[in-house]
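sequence-free structure coming up:
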């Protein structure tokens, strides 16, 4: 199937959905897909090297955050 046919097929399937939870999940998947497609772009070599250098400097200076701290931060943020 080509893209237009796929889209039409999905639209037809959506017309038949009566489960609100399923529709919410579909909505979240679509929002996630839009966000990912807008935010992901490959680094240029210059951007990569700059980011690498910043990371090495942070590691050498001890400017690190433990994974557990990050997990706790996002758990607290989600609870708010």
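Structure received. Here the structure is a predicted model, which is why all the values come from computation and not from measurement. Residues are numbered from 1 along each chain as shown.

pLDDT-wise, which helix or strand of this protein ranks last?
helix 20-39 (a mean of 83; mean pLDDT, DSSP states H and E).

helix or strand right after that one?
helix 45-61 (DSSP states H and E).

Now that following helix: average pLDDT?
Per-residue pLDDT over helix 45-61 has a mean of 92.

which parts of the helix or strand following it are buried?
Next helix or strand after helix 45-61 toward the C-terminus (DSSP H and E): helix 67-79. Applying a neighbour-count criterion of 16 or more other CB atoms under 10 Å, helix 67-79 contains no buried positions. For every residue, glycine as well, the C-beta is placed using N, CA and C.

can you give me how far helix 67-79 is from the chain middle?
17 Å (CA atoms, centre = their mean, to the nearest Å).

residue closest to the middle of the protein?
residue 36 (4.9 Å; CA atoms, centre = their mean).

what residues does the least confident helix or strand of the chain touch?
14, 17 (CB atoms under 8 Å, 6 or more residues apart in numbering).

same thing but at 6 Å, please
Here helix 20-39 makes contact (CB atoms under 6 Å, 6 or more residues apart in numbering) with residue 17.

How is the chain divided into domains?
1-41, 42-80 (automatic domain parsing).

what about the last one, start to end distance?
From the first residue to the last, domain 42-80 extends over 33 Å; the measure is CA to CA, to the nearest Å.

same deal with stretch 35-47?
Distance across stretch 35-47, first residue to last, is 21 Å (CA to CA).
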